[in-house]
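Chemist: Quick one: sequence and predicted model below, then my questions.
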Amino acid sequence: MPEGPEVRRYADALNAALCNQPLVAIMARTKAAKAWLLEHPQTLLGRRFERVRSHGKNLIIDLEGDFHFLSHLMMWGRWQLLAKSELPGLLPIDRRERARLETPDTLAILMSAPVFDIAPGDPYENFPYLRELGPDILPYDGEATFLQSTFTERLLAKTQRERTIGAALLDQTVVAGIGNYLRAEILFECRLDPWRRIGALAPEELQCLSATIPLMARRAYDSGGATIEDESRERMRGDPSLVYAPGRDWGMRHYVFRRTNLPCLRCGDTIRQLRQTTRVIDDDEKTRIIYFCPTCQNTSIELKPLRKSKRAEAPRRSAASDALVVDAFVVDALVSDTAIG
Ligand SMILES: [Zn+2]
(Lines give C-alpha, C1' and ligand atoms only; values in the text may rest on other atoms or scores of the structure.)
Protein backbone atom coordinates (compact mmCIF):
# COMPACT_ATOMS: atom_id res chain seq x y z
CA MET A 1 0.00 0.00 0.00
CA PRO A 2 1.38 3.42 -0.89
CA GLU A 3 2.06 5.32 2.34
CA GLY A 4 2.50 9.05 2.93
CA PRO A 5 5.91 9.34 1.23
CA GLU A 6 4.76 7.51 -1.91
CA VAL A 7 1.58 9.59 -2.17
CA ARG A 8 3.63 12.79 -1.72
CA ARG A 9 5.90 11.72 -4.59
CA TYR A 10 2.83 11.26 -6.78
CA ALA A 11 1.51 14.65 -5.67
CA ASP A 12 4.79 16.40 -6.44
CA ALA A 13 5.09 14.78 -9.87
CA LEU A 14 1.48 15.68 -10.73
CA ASN A 15 2.01 19.22 -9.44
CA ALA A 16 5.07 19.68 -11.66
CA ALA A 17 3.31 18.31 -14.74
CA LEU A 18 -0.15 19.87 -14.38
CA CYS A 19 0.28 23.17 -12.57
CA ASN A 20 -0.87 26.23 -14.59
CA GLN A 21 -2.05 23.98 -17.42
CA PRO A 22 -5.74 23.96 -18.42
CA LEU A 23 -7.88 20.85 -18.08
CA VAL A 24 -8.92 19.97 -21.64
CA ALA A 25 -10.62 16.61 -21.02
CA ILE A 26 -11.74 14.55 -18.06
CA MET A 27 -13.08 11.04 -17.54
CA ALA A 28 -14.09 9.48 -14.24
CA ARG A 29 -15.41 6.03 -13.47
CA THR A 30 -16.02 6.24 -9.75
CA LYS A 31 -19.75 6.51 -9.10
CA ALA A 32 -20.05 9.94 -7.48
CA ALA A 33 -17.52 11.64 -9.78
CA LYS A 34 -19.15 10.15 -12.87
CA ALA A 35 -22.57 11.40 -11.75
CA TRP A 36 -21.17 14.88 -10.99
CA LEU A 37 -19.61 15.11 -14.45
CA LEU A 38 -22.87 14.08 -16.09
CA GLU A 39 -24.65 16.88 -14.27
CA HIS A 40 -21.89 19.43 -14.97
CA PRO A 41 -20.46 18.39 -18.34
CA GLN A 42 -18.65 21.64 -19.20
CA THR A 43 -18.02 23.16 -15.80
CA LEU A 44 -14.40 22.11 -15.37
CA LEU A 45 -13.05 22.32 -18.90
CA GLY A 46 -10.58 25.12 -19.54
CA ARG A 47 -9.87 25.69 -15.85
CA ARG A 48 -6.22 25.67 -14.84
CA PHE A 49 -4.66 23.33 -12.31
CA GLU A 50 -3.50 25.35 -9.32
CA ARG A 51 -1.87 22.87 -7.00
CA VAL A 52 -1.54 19.17 -6.27
CA ARG A 53 -0.82 18.29 -2.66
CA SER A 54 -1.14 15.37 -0.30
CA HIS A 55 -2.24 14.99 3.29
CA GLY A 56 -1.31 11.59 4.65
CA LYS A 57 -2.38 9.10 2.01
CA ASN A 58 -4.93 11.46 0.41
CA LEU A 59 -4.11 13.40 -2.73
CA ILE A 60 -5.90 16.69 -3.39
CA ILE A 61 -5.88 18.46 -6.75
CA ASP A 62 -6.95 22.14 -6.77
CA LEU A 63 -8.49 23.51 -9.93
CA GLU A 64 -9.11 27.17 -10.74
CA GLY A 65 -12.44 28.45 -9.37
CA ASP A 66 -12.29 26.44 -6.12
CA PHE A 67 -12.93 23.00 -7.63
CA HIS A 68 -11.09 19.99 -6.24
CA PHE A 69 -10.36 16.38 -7.04
CA LEU A 70 -9.56 13.94 -4.29
CA SER A 71 -7.99 10.49 -4.63
CA HIS A 72 -7.01 7.73 -2.23
CA LEU A 73 -4.96 4.87 -3.61
CA MET A 74 -5.86 2.28 -0.93
CA MET A 75 -4.03 -0.99 -1.68
CA TRP A 76 -3.24 -0.99 -5.35
CA GLY A 77 -3.93 2.44 -6.80
CA ARG A 78 -1.33 4.52 -8.60
CA TRP A 79 -1.07 7.63 -10.72
CA GLN A 80 0.57 7.56 -14.13
CA LEU A 81 1.83 10.57 -16.03
CA LEU A 82 2.23 10.35 -19.78
CA ALA A 83 3.56 12.96 -22.21
CA LYS A 84 1.10 13.12 -25.10
CA SER A 85 3.94 13.85 -27.54
CA GLU A 86 5.38 10.41 -26.80
CA LEU A 87 2.15 8.52 -27.44
CA PRO A 88 1.54 7.04 -30.90
CA GLY A 89 -2.08 8.23 -30.91
CA LEU A 90 -5.15 8.17 -28.73
CA LEU A 91 -4.54 5.98 -25.73
CA PRO A 92 -7.40 3.50 -25.28
CA ILE A 93 -8.95 3.55 -21.81
CA ASP A 94 -7.72 0.63 -19.75
CA ARG A 95 -10.34 -1.25 -17.73
CA ARG A 96 -8.38 -0.48 -14.53
CA GLU A 97 -8.56 3.29 -15.09
CA ARG A 98 -10.59 5.15 -12.49
CA ALA A 99 -9.98 8.67 -13.77
CA ARG A 100 -8.16 10.48 -16.53
CA LEU A 101 -7.21 14.17 -16.51
CA GLU A 102 -5.86 15.72 -19.66
CA THR A 103 -3.96 18.96 -20.37
CA PRO A 104 -2.67 20.03 -23.81
CA ASP A 105 0.58 18.14 -23.12
CA THR A 106 -0.09 15.53 -20.47
CA LEU A 107 -2.31 12.64 -19.50
CA ALA A 108 -2.66 11.95 -15.79
CA ILE A 109 -4.26 8.57 -15.26
CA LEU A 110 -5.47 7.14 -11.98
CA MET A 111 -5.26 3.36 -12.04
CA SER A 112 -6.98 0.85 -9.75
CA ALA A 113 -7.81 3.34 -7.01
CA PRO A 114 -11.25 3.04 -5.43
CA VAL A 115 -11.53 6.70 -4.39
CA PHE A 116 -11.77 9.60 -6.84
CA ASP A 117 -14.12 12.46 -6.00
CA ILE A 118 -14.92 15.88 -7.42
CA ALA A 119 -16.35 18.78 -5.44
CA PRO A 120 -16.57 22.55 -5.50
CA GLY A 121 -15.53 24.37 -2.32
CA ASP A 122 -13.12 23.59 0.48
CA PRO A 123 -12.28 19.86 0.35
CA TYR A 124 -11.87 19.84 4.13
CA GLU A 125 -15.52 20.84 4.37
CA ASN A 126 -16.78 18.48 1.69
CA PHE A 127 -14.86 15.38 2.75
CA PRO A 128 -15.17 15.09 6.54
CA TYR A 129 -12.52 12.38 6.78
CA LEU A 130 -9.96 14.95 5.55
CA ARG A 131 -10.90 17.21 8.43
CA GLU A 132 -10.35 14.38 10.89
CA LEU A 133 -6.84 13.57 9.68
CA GLY A 134 -3.99 13.96 12.15
CA PRO A 135 -0.85 15.99 11.43
CA ASP A 136 0.93 15.08 8.20
CA ILE A 137 4.16 13.11 8.56
CA LEU A 138 5.59 15.22 5.71
CA PRO A 139 4.85 18.88 6.43
CA TYR A 140 5.14 21.26 3.48
CA ASP A 141 7.85 23.93 3.50
CA GLY A 142 6.55 27.18 4.86
CA GLU A 143 3.62 25.49 6.57
CA ALA A 144 3.52 24.28 10.12
CA THR A 145 6.19 21.70 10.92
CA PHE A 146 5.12 18.25 12.02
CA LEU A 147 2.65 19.14 14.72
CA GLN A 148 4.12 17.27 17.65
CA SER A 149 1.65 18.81 20.06
CA THR A 150 -1.34 17.69 17.97
CA PHE A 151 0.18 14.24 17.53
CA THR A 152 0.82 13.68 21.23
CA GLU A 153 -2.52 15.22 22.18
CA ARG A 154 -4.37 12.81 19.91
CA LEU A 155 -2.18 9.87 20.88
CA LEU A 156 -2.72 10.48 24.57
CA ALA A 157 -6.50 11.01 24.36
CA LYS A 158 -8.25 9.17 27.18
CA THR A 159 -9.91 6.72 24.78
CA GLN A 160 -6.50 5.61 23.54
CA ARG A 161 -4.79 4.64 26.78
CA GLU A 162 -5.35 0.90 26.48
CA ARG A 163 -4.54 0.82 22.80
CA THR A 164 -1.19 -0.53 21.60
CA ILE A 165 1.25 1.88 20.02
CA GLY A 166 1.49 -0.46 17.02
CA ALA A 167 -2.23 0.01 16.36
CA ALA A 168 -2.31 3.75 17.07
CA LEU A 169 0.39 4.60 14.53
CA LEU A 170 -1.84 3.24 11.76
CA ASP A 171 -4.76 5.44 12.86
CA GLN A 172 -4.85 8.29 10.35
CA THR A 173 -6.70 10.55 12.79
CA VAL A 174 -3.72 10.34 15.18
CA VAL A 175 -1.05 10.92 12.54
CA ALA A 176 -1.59 10.95 8.78
CA GLY A 177 0.55 9.00 6.35
CA ILE A 178 1.92 6.03 8.27
CA GLY A 179 1.26 2.56 6.87
CA ASN A 180 2.73 -0.83 7.61
CA TYR A 181 6.35 -0.34 6.60
CA LEU A 182 6.75 3.03 8.30
CA ARG A 183 5.18 1.90 11.57
CA ALA A 184 7.51 -1.12 11.82
CA GLU A 185 10.56 1.03 11.07
CA ILE A 186 9.56 3.87 13.41
CA LEU A 187 8.93 1.47 16.30
CA PHE A 188 12.28 -0.23 15.70
CA GLU A 189 14.11 3.10 15.55
CA CYS A 190 12.51 4.10 18.87
CA ARG A 191 13.17 0.62 20.32
CA LEU A 192 9.50 0.36 21.21
CA ASP A 193 7.54 -2.83 21.77
CA PRO A 194 4.61 -2.67 19.29
CA TRP A 195 2.32 -4.09 22.03
CA ARG A 196 3.14 -1.36 24.58
CA ARG A 197 -0.02 0.36 25.81
CA ILE A 198 -0.13 4.05 25.05
CA GLY A 199 -0.88 4.86 28.67
CA ALA A 200 2.45 3.24 29.63
CA LEU A 201 4.66 5.28 27.30
CA ALA A 202 7.34 7.38 29.01
CA PRO A 203 7.88 11.06 28.06
CA GLU A 204 11.20 10.25 26.36
CA GLU A 205 9.49 7.55 24.29
CA LEU A 206 6.85 10.03 23.15
CA GLN A 207 9.61 12.48 22.32
CA CYS A 208 11.41 9.82 20.27
CA LEU A 209 8.24 9.06 18.31
CA SER A 210 7.65 12.76 17.60
CA ALA A 211 11.19 13.16 16.29
CA THR A 212 11.42 9.85 14.40
CA ILE A 213 8.10 9.99 12.53
CA PRO A 214 8.97 13.03 10.34
CA LEU A 215 12.59 11.89 10.01
CA MET A 216 11.68 8.42 8.70
CA ALA A 217 8.98 9.88 6.46
CA ARG A 218 11.45 12.33 4.92
CA ARG A 219 14.05 9.61 4.41
CA ALA A 220 11.47 7.39 2.70
CA TYR A 221 10.34 10.28 0.51
CA ASP A 222 13.88 11.22 -0.51
CA SER A 223 14.97 7.65 -1.22
CA GLY A 224 11.79 6.35 -2.87
CA GLY A 225 10.67 4.18 0.02
CA ALA A 226 13.79 3.20 1.98
CA THR A 227 13.97 3.85 5.71
CA ILE A 228 17.53 2.70 6.25
CA GLU A 229 20.62 4.92 6.30
CA ASP A 230 23.51 4.46 3.86
CA GLU A 231 25.85 2.76 6.31
CA SER A 232 23.40 -0.09 6.97
CA ARG A 233 22.68 -0.43 3.27
CA GLU A 234 26.42 -0.85 2.63
CA ARG A 235 26.61 -3.53 5.33
CA MET A 236 23.75 -5.40 3.66
CA ARG A 237 25.38 -5.05 0.28
CA GLY A 238 28.57 -6.64 1.59
CA ASP A 239 27.08 -9.42 3.72
CA PRO A 240 24.76 -11.97 2.05
CA SER A 241 23.65 -13.31 5.46
CA LEU A 242 21.78 -10.04 6.05
CA VAL A 243 19.46 -10.29 3.04
CA TYR A 244 17.22 -12.84 1.32
CA ALA A 245 18.44 -12.12 -2.16
CA PRO A 246 21.93 -10.58 -2.37
CA GLY A 247 22.20 -7.73 -4.82
CA ARG A 248 18.48 -6.98 -4.91
CA ASP A 249 17.67 -3.44 -3.89
CA TRP A 250 14.22 -4.29 -2.48
CA GLY A 251 15.82 -6.39 0.25
CA MET A 252 18.08 -3.55 1.42
CA ARG A 253 15.50 -0.89 2.21
CA HIS A 254 14.43 -1.51 5.80
CA TYR A 255 15.70 -2.47 9.26
CA VAL A 256 12.91 -4.89 10.18
CA PHE A 257 10.07 -4.64 7.63
CA ARG A 258 10.02 -7.85 5.54
CA ARG A 259 13.27 -9.00 7.16
CA THR A 260 11.70 -11.91 9.07
CA ASN A 261 14.24 -14.57 10.12
CA LEU A 262 17.21 -12.37 9.17
CA PRO A 263 19.67 -10.94 11.75
CA CYS A 264 18.92 -7.56 13.31
CA LEU A 265 21.40 -4.98 12.02
CA ARG A 266 21.82 -3.58 15.53
CA CYS A 267 22.04 -6.61 17.83
CA GLY A 268 22.14 -9.73 15.62
CA ASP A 269 18.99 -11.28 17.13
CA THR A 270 16.49 -12.73 14.64
CA ILE A 271 13.85 -10.39 13.24
CA ARG A 272 10.37 -11.78 13.80
CA GLN A 273 6.88 -11.17 12.44
CA LEU A 274 3.48 -11.57 14.08
CA ARG A 275 -0.06 -10.51 13.34
CA GLN A 276 -1.09 -7.62 15.56
CA THR A 277 -4.67 -6.53 16.17
CA THR A 278 -4.95 -2.99 14.87
CA ARG A 279 -8.70 -2.37 14.95
CA VAL A 280 -11.78 -4.05 16.38
CA ILE A 281 -15.02 -3.34 14.53
CA ASP A 282 -18.15 -5.07 15.87
CA ASP A 283 -16.09 -7.88 17.44
CA ASP A 284 -14.28 -8.35 14.16
CA GLU A 285 -10.55 -8.02 14.73
CA LYS A 286 -8.52 -6.46 11.96
CA THR A 287 -4.87 -7.43 12.02
CA ARG A 288 -1.71 -6.38 10.26
CA ILE A 289 1.68 -8.04 10.26
CA ILE A 290 4.22 -6.30 12.44
CA TYR A 291 7.96 -6.93 12.02
CA PHE A 292 10.26 -6.36 14.99
CA CYS A 293 13.47 -7.24 16.81
CA PRO A 294 12.58 -8.96 20.12
CA THR A 295 15.83 -7.78 21.75
CA CYS A 296 16.10 -4.17 20.57
CA GLN A 297 12.40 -3.62 21.15
CA ASN A 298 12.31 -5.60 24.38
CA THR A 299 9.08 -7.40 23.49
CA SER A 300 7.35 -9.67 25.97
CA ILE A 301 4.89 -11.29 23.58
CA GLU A 302 5.22 -15.06 23.32
CA LEU A 303 7.15 -16.22 20.27
CA LYS A 304 7.38 -19.67 18.74
CA PRO A 305 10.89 -21.13 18.92
CA LEU A 306 12.89 -20.53 15.78
CA ARG A 307 13.30 -23.51 13.50
CA LYS A 308 16.92 -24.53 13.27
CA SER A 309 18.12 -23.75 9.82
CA LYS A 310 21.49 -22.87 8.43
CA ARG A 311 19.97 -20.34 6.07
CA ALA A 312 17.47 -17.66 6.80
CA GLU A 313 14.18 -18.36 5.10
CA ALA A 314 11.67 -15.86 3.92
CA PRO A 315 8.33 -16.36 5.68
CA ARG A 316 6.04 -18.64 3.69
CA ARG A 317 3.43 -16.03 2.90
CA SER A 318 5.94 -13.81 1.21
CA ALA A 319 6.34 -15.68 -2.05
CA ALA A 320 2.67 -15.67 -2.96
CA SER A 321 1.32 -12.50 -1.48
CA ASP A 322 4.14 -10.00 -1.13
CA ALA A 323 4.26 -8.26 -4.43
CA LEU A 324 6.86 -5.86 -5.63
CA VAL A 325 5.09 -2.95 -7.26
CA VAL A 326 7.24 -0.84 -9.49
CA ASP A 327 5.95 2.34 -11.00
CA ALA A 328 8.46 3.64 -13.47
CA PHE A 329 6.81 7.01 -13.78
CA VAL A 330 6.84 8.35 -10.30
CA VAL A 331 7.89 5.99 -7.58
CA ASP A 332 11.10 4.10 -8.27
CA ALA A 333 10.08 1.00 -6.40
CA LEU A 334 7.86 0.54 -3.46
CA VAL A 335 7.18 -2.64 -1.68
CA SER A 336 3.48 -2.97 -1.31
CA ASP A 337 1.85 -4.62 1.66
CA THR A 338 -1.00 -6.96 0.91
CA ALA A 339 -2.23 -7.48 4.45
CA ILE A 340 -5.58 -5.76 4.65
CA GLY A 341 -6.39 -3.92 7.85
ZN1 LIG B 1 18.00 -6.01 17.48
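Modeler: Yep, it's here. Numbering: from 1, shown residues only.
Chemist: quick one: pLDDT of Q148?
Modeler: For Q148, the model assigns a pLDDT of 79.
Chemist: Not counting sequence-adjacent ones, nearest residue to it?
Modeler: S210 (4.2 Å; C-beta to C-beta, 6 or more residues apart in numbering). The C-beta positions use only the backbone N, C-alpha and C, and glycine is treated the same way.
Chemist: so what does the strand or helix carrying the one you found touch, helix or strand wise?
Modeler: Assessed by DSSP states H and E, S210 sits inside helix 203-223. Other elements packing on helix 203-223 under the criterion 3 or more C-beta pairs under 8 Å, 6 or more residues apart in numbering; DSSP states H and E are helix 4-18, helix 148-155, helix 180-189.
Chemist: which regions of the stretch 101-250 of the chain sit below the pLDDT cut-off?
Modeler: Applying pLDDT under 70 to the stretch 101-250 of the chain flags the ranges 142-146.
Chemist: Point me to the residue of it nearest the ion.
Modeler: Proximity of the stretch 101-250 of the chain to the ion (C-beta to the ion) peaks at F188, 7.9 Å away.
Chemist: which residues touch that residue?
Modeler: Y255, V256, F292, C293, C296, Q297 (C-beta atoms under 8 Å, 6 or more residues apart in numbering).
Chemist: Next, format these as JSON lines and append secondary structure and distance to F69.
Modeler: Below are the contacts of F188 laid out as JSON lines (DSSP: H, G, I helix; E, B strand; the rest coil; distance: C-beta to C-beta, whole Å):
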{"residue": "Y255", "secondary structure": "coil", "distance to F69": "36"}
{"residue": "V256", "secondary structure": "coil", "distance to F69": "36"}
{"residue": "F292", "secondary structure": "strand", "distance to F69": "38"}
{"residue": "C293", "secondary structure": "coil", "distance to F69": "42"}
{"residue": "C296", "secondary structure": "coil", "distance to F69": "43"}
{"residue": "Q297", "secondary structure": "coil", "distance to F69": "40"}
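Chemist: so which of these also contact the ion?
Modeler: Contacts with the ion within the contacts of F188, counted by C-beta under 5 Å from the ion: C293, C296.
Chemist: May I ask which of the contacts of F188 has the most neighbours?
Modeler: Among these, F292 has the most neighbours (other C-beta atoms under 10 Å), with 30 neighbours.
Chemist: Bridged to that residue, which residues?
Modeler: F292 forms beta bridges with R272, as assigned by DSSP bridges.
Chemist: so what's it up against?
Modeler: Per C-beta under 8 Å, 6+ apart, neighbours of F292: A184, L187, F188, D193, P194, V256, I271, R272, Q273, L274, T299.
Chemist: returning to what we had before: the helix holding S210 relative to helix 4-18, how many degrees between them?
Modeler: Using axes from the mean of the first three to the mean of the last three C-alpha atoms, to 10 degrees, the inter-axis angle of helix 203-223 relative to helix 4-18 is 40 degrees.
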